[in-house]
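J.: from the sequence below, what's the structure:
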Amino acid sequence: MHVSQMAAGLIGSEIIKIGNEVNDMIRRGEQICNLTIGDFDPAEYPIPTELKTGIMAAYEAGQTNYPPANGMAGLREAAAAFTASRLGLEYAASDFLVAGGSRPLIYATYLALIDAGDRVVFPVPSWNNNHYCHLSGAKAVMVETRAENNFMPTAAELKPHLAGATMLALCSPLNPTGTVFSRADLEAICDLVLAENQRRGPDEKPLYLLYDQIYWLLTFGATEHYDPVSLRPALRDYTIYIDGISKCLAATGVRVGYAFGPSKVIDKMKAILGHVGAWAPKAEQVAVGQYLPQTEAVDAYMTDFKQKIQRSLNLLHEGLQTMKAAGLPVDSLVPMGAIYLTARLDVLGRTTPAGQRLDNTQQLTSYLISEAKLALVPFSAFGNDGTAPWFRMSVGGASAESIAAALPRLRAALEALR
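T.: Residues are numbered from 1 along each chain as shown. Take a look at the predicted model:
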């Protein structure tokens with residue numbers, strides 16, 4: 001059976017593969033602490049009560065037909081007002097595009113801007129840009145980042161790759177690391193993008209900036225979120241923002257995301273998704289449009305939600321730091337945002353009690369699932385080499401109790417290696 005070259009070369013999600021393996025074990029009755037998928041257990045992290053009530057009321061009111069292709073006007077207006085009040089970014093409702101989560105919006109950005117062979121620059125680790133490059137025919141330019149800079153790219157690392165590129169894809173807070181841009185680092189990158197566009201002639205494609213900030217409401221402590229247009233207003237014509245409620249309201253299954261940016265680009269993205277039919281369900285759009293203006297309700301929910309997420313992240317971080325202090329070859333980055341902890345498990349080359357040598361992080365992942373009943377995602381799923389000793393721990397799908405119970409199992413499994 002012959003398929004397209006694109007389909008033949010498409011690689012499935014390593015995260016979903018690991019998650020499916022874990023779910024099969026759970027269905028067999030095994031107790032696994034699942035820190036893989038960037039999702040939420042509704043029993044631990046329910047969506048806001050007001051939002052749930054609004055969704056149910058919208059269905060009762062018969063809001064079950066097609067929504068407008070670019071999203072319900074009430075939701076786009078609410079999202080524009082929310083963005084203006086919370087971030088100071090003033091965009092018209094007509095410059096917002098609603099879809100079934102952020103994935104279709106990212107894909108539409110690629111299709112709207114990228115021709116086959118165009119270069120897309122993005123840091124690694126990062127989520128799914130390699131796959132979107134494959135889907136759109138882009139040439140992926142992957143820029144390795146360093147733990148010393150929290151795996152966030154710097155201007156110096158990106159600069160050699162921007163000449164002639166069509167798009168720079170960035171994310172903050174970053175999936176998979178849970179780290180964020182500092183103001184100075186993002187300003188320096190913004191200045192590079194502006195300089196590159198000033199250098200280009202009128203017949204050349206500009207360098208666009210795809211800025212995924214789906215986690216921006218989830219920052220902890222003194223950490224602040226920064227975005228390109230707020231720092232450099234001249235980037236307004238070149239920046240496409242990806243946003244929505246999936247992560248900040250624990251509403252991954254509600255499927256309401258939105259993008260905003262230059263009118264001409266957003267209009268083309270609207271046309272693309274209109275043919276795909278990737279809109280969010282109408283009832284959910286109505287309910288989100290009614291919920292976002294409820295400032296007190298949103299703030300109260302976010303306060304409790306963030307505290308609970310941060311407790312689980314800190315629990316993991318402190319547990320790994322205790323192991324490090326005991327002499328185990330592990331480490332972790334201080335959690336700054338999103339729902340992820342970056343962990344270093346530097347044990348490749350060692351041998352399991354069964355006699356298997358661990359030569360790559362996929363083998364180590366399988367060993368930890370089997371022996372520690374703990375499921376993690378290696379950075380190889382995000383573009384890094386299979387021998388990079390870094391892992392993503394996602395806390396949304398696990399209770400603090402299950403995380404606390406998994407830490408001694410992790411320690412025992414690591415100590416058993418020779």
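J.: where along this protein do the strands fall?
T.: Counting by DSSP state E, the chain has strands at residues 33-34, 96-99, 119-124, 139-144, 167-171, 208-212, 239-244, 257-260, 330-332, 340-345, 374-375, 377-378, 390-394.
J.: and the residue lying closest to Ala69 once chain neighbours are set aside, how many neighbours?
T.: Once flanking residues are discounted, Ala69 sits nearest to Gly274: 4.0 Å by CB to CB, 6 or more residues apart in numbering. Quick note: C-beta positions are derived from backbone N, CA and C, even for glycine. By the criterion of other CB atoms under 10 Å, Gly274 has 14 neighbours.
J.: any idea how far Gly274 lies from Lys52?
T.: Using CB to CB, to the nearest Å, Gly274 is found at 29 Å from Lys52.
J.: and Pro228, by the same measure?
T.: Noted for Pro228: a distance of 34 Å to Lys52, by CB to CB.
J.: more crowded one of the two?
T.: The residue with more neighbours, out of Pro228 and Lys52, is Pro228; 27 against 15, by other CB under 10 Å.
J.: surely that one meets Leu210?
T.: No - under the criterion of CB atoms under 8 Å, Pro228 is not in contact with Leu210, lying 10.3 Å apart.
J.: circling back: nearest to Ile16, out of the strands of the chain?
T.: strand 377-378 (10.2 Å; CB to CB).
J.: how close does the residue nearest to Ala69 get to Ala99?
T.: For Gly274, the distance to Ala99 - CB to CB - is 10 Å.
J.: okay, the residue most central in space within the chain: pLDDT?
T.: Compute the mean C-alpha point of the chain, and by CA atoms, centre = their mean the closest residue is Asn175, 4.0 Å away. Per-residue pLDDT puts Asn175 at 97.
J.: and the residue nearest to it when sequence neighbours are not counted, how far is that from Glu14?
T.: Leaving aside its chain neighbours, Asn175 sits nearest to Trp127 (4.3 Å; criterion: CB to CB, 6+ apart). Distance of Trp127 to Glu14, computed by CB to CB: 11 Å.
J.: give me the more crowded residue out of these two.
T.: Between Trp127 and Glu14, counting by other CB under 10 Å, Trp127 is the more crowded of the two (23 against 16).
J.: from Pro176, how far off is the more buried one?
T.: As judged by CB to CB, Trp127 and Pro176 stand 6 Å apart.
J.: overlap of the contact sets of these two?
T.: Common contact partners of Trp127 and Pro176 (CB atoms under 8 Å, 6 or more residues apart in numbering): Phe382.
J.: where are the low-confidence patches of the stretch 251-400 of the chain?
T.: Low-confidence segments of the stretch 251-400 of the chain (pLDDT under 70): none present.
J.: and Tyr301, how many residues sit next to it?
T.: Here the number of neighbours of Tyr301 (other CB under 10 Å) works out to 21.
J.: what sits against it?
T.: When contacts are counted by CB under 8 Å, 6+ apart, Tyr301 touches 48, 249.
J.: how does it look with 7 Å?
T.: Tyr301 makes contact with Pro48 under the criterion CB atoms under 7 Å, 6 or more residues apart in numbering.
J.: by how many degrees do the helix ranked longest in the chain and strand 340-345 diverge?
T.: The longest helix of the chain (DSSP state H) is helix 295-325. Here helix 295-325 runs at an angle of 10 degrees relative to strand 340-345 (axes from the mean of the first three to the mean of the last three CA atoms, to 10 degrees).
J.: quick check: buried residues in helix 295-325?
T.: Within helix 295-325, the residues that count as buried by 16 or more other CB atoms under 10 Å are 298, 301, 305-306, 308-310, 312-317, 319-320, 323.
J.: for stretch 30-38, same thing?
T.: Neighbour counts over stretch 30-38 (16+ other CB under 10 Å) mark 32-38 as buried.
J.: endpoints of that stretch, how far apart?
T.: Stretch 30-38 stretches 21 Å from its first residue to its last (CA to CA, to the nearest Å).
J.: ok, back up a step: kindly indicate which of the buried residues of stretch 30-38 lies nearest Val3.
T.: Distance to Val3 across the buried residues of stretch 30-38 (CB to CB) is lowest for Ile37, with 27.3 Å.
J.: tell me how many other residues crowd the residue nearest to that closest one when sequence neighbours are not counted.
T.: The shortest distance from Ile37 to any residue other than its chain neighbours is 4.8 Å, reached at Gly19 (CB to CB, 6+ apart). Number of residues near Gly19 (other CB under 10 Å) recorded here: 20.
J.: now do Leu168
T.: 28.
J.: then Val334?
T.: Here the number of neighbours of Val334 (other CB under 10 Å) works out to 16.
J.: those helices in the protein, which residues are they?
T.: 5-9, 14-27, 49-60, 73-87, 102-113, 129-136, 155-158, 183-199, 228-231, 263-276, 282-291, 295-325, 361-371, 400-415.
J.: Ser246: which of the ones you listed is closest?
T.: Between Ser246 and the helices of the chain, the tightest spacing by CB to CB is seen for helix 102-113, at 6.5 Å.
J.: next up, the contacts around the closest residue to Gly261 other than its chain neighbours.
T.: Once flanking residues are discounted, Gly261 sits nearest to Ile240: 3.9 Å by CB to CB, 6+ apart. Ile240 makes contact with 109, 208, 210-211, 259, 261, 265, according to CB under 7 Å, 6+ apart.
J.: turn these into CSV, including distance to Val143 and neighbour count.
T.: Output for the contacts of Ile240, formatted as CSV (distance: CB to CB, whole Å; neighbours: other CB atoms under 10 Å):
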residue, distance to Val143, neighbour count
Thr109, 19, 28
Tyr208, 17, 26
Leu210, 14, 25
Tyr211, 16, 23
Ala259, 23, 30
Gly261, 23, 25
Val265, 23, 22
